[in-house]
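Chemist: Provide a 3D model corresponding to the input given below.
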Amino acid sequence: MTAPTWATAPPAASTSPAPAPSLTGAGPAVTTLSMVAALRQALADSLRHDPKVLVMGEDVGRLGGVFRVTDGLWSEFGERRVMDSPLAEAGIVGTAIGLALRGFRPVVEIQFDGFVFPAFDQIVSQLAKLHSRSGGRSQMPVTVRIPYGGGIGAIEHHSESPEALFAHVAGLRVVSPATPGDAYAMLRQAIACPDPVIFLEPKARYWDTDEVTIGPDLQVEQFDRARIVRPGSLVTLATYGPGLAPSLKAADALAAQGRDVEVIDLRSMSPLDVDTVASSVDRTGRLVVVHEAPVFGGIGGELAAAVMERCFYRLEAPVARVGGYHMPYPPARVEHEYLPTAGRVIHAVEGVLSY
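Modeler: As a prediction, this is how the structure comes out:
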């Protein structure tokens, strides 16, 4: 697939792909933003920084997206760089693959998590494999933004957590920010990355606000490295995306009882930063993994197995997992019974401490 005729294409990609653009320019600034605003700022800064960056998806142009993440970008950058697509997810991703082969850096939006599955074949069979299939000659700098997770009272197919499906596929990076600051920094790095990135945005956190460091020359941390959000010595809590908020709430409640819990935001599900978690477990001897996706076949199981292999003689209790149940996502009126809560996290921590 080649670039559409209405796009001003850069020179066709050579057999030696160009390196990812550096984030250089004016100095960084600190401001308070919601996660939606931080994501919008990241997209705008990336569009300004690199003329090869394009944004495309259903209603991302004139409307500004269903969550208004792309609001205002169409007016500033025009329809050749912020493009409304048909309601065809396979076509959106397939077009992005063709654009990437022509030297562009497409950022595509899948409107809701449950809508990604029509594009699953393009993502798994083509996007994830073209770099390897071409012997490294073709890079796939495509970022697939997916609002995911529950907690907003949405209907069926609007509250799912498909991260484990993508993390199982070699060739994809799978990441999820949990804070506005990480939303900005991680999206900037995802767009600059030469690899395809599944960028999962926890939509229940879209309206959280926090300080965000923005700027073209921002020195972005590696987005595949976990971050210790709250130091502790008694138990390690590892989580990501929508799981961070209930984990921190649980840690606060446990601290009031004199129980010191370390909270780690994994940020990346593929690759998985086992080193940071294992180092923490070497000190605490206990691990609880929290995620909104079903526990069965989830990221928590992979992390538990990896930590067991690395820390077997340091573990004081079996690894505990807190997450969704192995069932279709429930109706909105009872989703609170499905989602991990601080109470469930506290119960799991008390369980590992009882050994």
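
Chemist: residue boundaries of the helices in the protein?
Modeler: Applying DSSP state H to the chain gives helices spanning 35-49, 73-77, 89-101, 120-121, 130-133, 163-167, 180-192, 244-256, 274-284, 299-311, 342-353.

Chemist: List the buried residues in the second one.
Modeler: Pointing back at helix 73-77 there. Going by neighbour count (16 or more other C-beta atoms under 10 Å), the buried part of helix 73-77 is 73-74, 77. C-beta coordinates here come from the backbone N, C-alpha and C atoms, glycine included.

Chemist: repeat for the fifth one
Modeler: When burial is assessed from 16+ other C-beta under 10 Å, helix 130-133 yields the following buried residues: 130-131.

Chemist: Which one of the buried residues of helix 73-77 is nearest to I123?
Modeler: Comparing these against I123 with C-beta to C-beta places L73 closest, at 23.5 Å.

Chemist: What number of residues are in the vicinity of the nearest residue to that closest one once chain neighbours are set aside?
Modeler: Nearest non-adjacent residue to L73, counting by C-beta to C-beta, 6 or more residues apart in numbering: V82, 4.6 Å away. Neighbour count for V82, taken as other C-beta atoms under 10 Å: 25.

Chemist: For the buried residues of helix 73-77, give me CSV that also has pLDDT and distance to V55.
Modeler: Shown next, in CSV, are the buried residues of helix 73-77 (pLDDT from 0 to 100; distance: C-beta to C-beta, whole Å):
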residue, pLDDT, distance to V55
L73, 97, 6
W74, 97, 9
F77, 97, 8
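
Chemist: that older thread, wait, which of the helices of the chain is closest to E211?
Modeler: When the helices of the chain are compared by C-beta to C-beta, helix 180-192 sits nearest E211, at 6.6 Å.

Chemist: Can you name the residues bridging to the residue nearest to L73?
Modeler: When bridges are called by DSSP bridges, V82 pairs up with V55.

Chemist: From V53, how far out is it?
Modeler: V82 is 10 Å from V53, where distance means C-beta to C-beta, to the nearest Å.

Chemist: list the residues that contact both of the two?
Modeler: L47 (C-beta atoms under 8 Å, 6 or more residues apart in numbering).
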